[in-house]
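Visitor: Fold the stuff below for me.
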Amino acid sequence: MINSKLIILVSSLFLGMTLFIGCSGSEELRAPSERTMEYLQSLDDETLRSLDTDSDGLNDYQEMNETNTDPLTADSDGDGLNDGAEVNEFNTDPNTADSDGDGLNDGEEVNSYNTDPNNADSDGDGLNDGEEVNEYRTDPNAADSDGDGLNDYDEINKHNSDPNKSDSDGDGFSDSQELEMGTNLTNADDPVYLKKSDLKTINFAFDKSNIDKQAAKILKANIKKLMKTDKFRVRIDAYTDHVGGDQYNLRLSKRRAESVTQFYIDNGISKDRIESRGLGKAPKPCMDMTEDRGCRKNRRAESHPLSNLKYEPMN
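Guide: Here you go, the predicted structure:
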């Protein structure tokens with residue numbers, strides 16, 4: 001007869017082993033909030049592949065063995081992109097907040113600026129994206145932020161012009177126009193530009209072509225302006241009033257034009273910068289014209305600035 005104590009002992013050992021095996025093989029997984037690295041390291045590979053503890057799109061096995069990211073933190077480098085998006089969508093480094101080293105973190109590039117987080121200079125203008133956003137306030141996606149024909153790098157590093165203003169000096173010419181003309185991009189007085197209103201008109205006494213004191217003062221002011229720029233010539237258009245015959249008035253208007261031309265030459269304006277026309281009677285008679293003395297307003301010589309510049313100002 002088998003010893004009853006031995007039977008009880010064997011039965012107890014068998015039951016203990018059964019309970020031990022059952023508990024280790026069917027232990028319930030901890031909730032994600034209760035998992036630690038030590039706990040994850042205790043799990044087998046197959047189990048780890050079935051888990052994504054931080055819900056970042058990478059399973060725990062990948063994070064622990066392939067990407068070397070933190071399986072407990074969705075955004076290992078704290079750049080604003082979760083690890084799965086960095087690995088699977090943007091091909092950025094999930095362990096480096098600024099994958100391309102341009103001064104903007106990957107999340108900013110993707111979510112705020114629409115720049116390339118793997119290219120330090122998204123628009124290829126010679127300035128990195130961080131410089132454009134943080135220092136120069138230029139558009140990191142446009143090589144020429146102000147659309148003036150010069151890229152941002154050249155404006156900053158070659159021409160000292162404003163990459164955010166197409167006309168850096170506000171003179172009416174775009175920066176690229178000034179560069180082409182050989183004028184200063186940052187000096188509003190270069191080029192000097194003469195508008196029609198800058199050169200004043202003189203008037204003559206009845207049936208006269210001489211320059212009186214009042215007219216001489218006006219012409220000297222015109223000359224002063226013309227002397228400031230060699231980019232302009234001047235055209236003189238001279239007229240008479242409506243008293244007298246057409247042929248006589250045509251000759252008189254030519255004498256007036258010649259008088260102004262000679263005054264300009266005598267005071268320093270070279271002859272090759274001047275053209276003149278005697279055009280006879282003024283196009284429109286004065287409303288207050290008298291039969292015998294005509295109208296002083298019609299007895300005039302206009303000085304028109306003629307630009308040699310390739311471009312005209314935009315304003």
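
Visitor: Tell me where the model's unsure across the chain.
Guide: 1-26, 287-293 (pLDDT under 70).

Visitor: contacting residues for residue 255?
Guide: Applying CB atoms under 8 Å, 6 or more residues apart in numbering, one finds that residue 255 lies in contact with 209, 278. The C-beta positions use only the backbone N, C-alpha and C, and glycine is treated the same way.

Visitor: give me the element it is part of.
Guide: helix 246-266 (DSSP states H and E).

Visitor: Check which residues of that helix are buried.
Guide: Buried residues in helix 246-266, counted by 16 or more other CB atoms under 10 Å: 249, 252-254, 256-261, 263-264.

Visitor: ok, so of those, who is nearest residue 241?
Guide: The nearest member of these to residue 241, counting by CB to CB, is residue 249 at 7.9 Å.

Visitor: Please report how far that closest one lies from residue 50.
Guide: 106 Å (CB to CB, to the nearest Å).

Visitor: Could you identify the helix or strand that succeeds the helix holding residue 255?
Guide: Counting by DSSP H and E, what follows helix 246-266 is strand 274-281.

Visitor: Pull the residues that contact that following strand.
Guide: 233-242, 246, 249-258, 260-261, 264-265, 298, 306.

Visitor: Let's see that with 6 Å instead.
Guide: 234-240, 242, 249-250, 253-254, 257, 261, 264 (CB atoms under 6 Å, 6 or more residues apart in numbering).

Visitor: What pairs with it, parallel or antiparallel?
Guide: When sheet partners are counted by DSSP bridges, strand 274-281 sits next to strand 232-240 (parallel).

Visitor: what angle do the partner strand and helix 246-266 make?
Guide: 150 degrees (axes from the mean of the first three to the mean of the last three CA atoms, to 10 degrees).

Visitor: returning to what we had before: now the two most distant members of the contacts of strand 274-281.
Guide: Maximum distance among the contacts of strand 274-281 (CB to CB): 27.2 Å, for 242 and 264.
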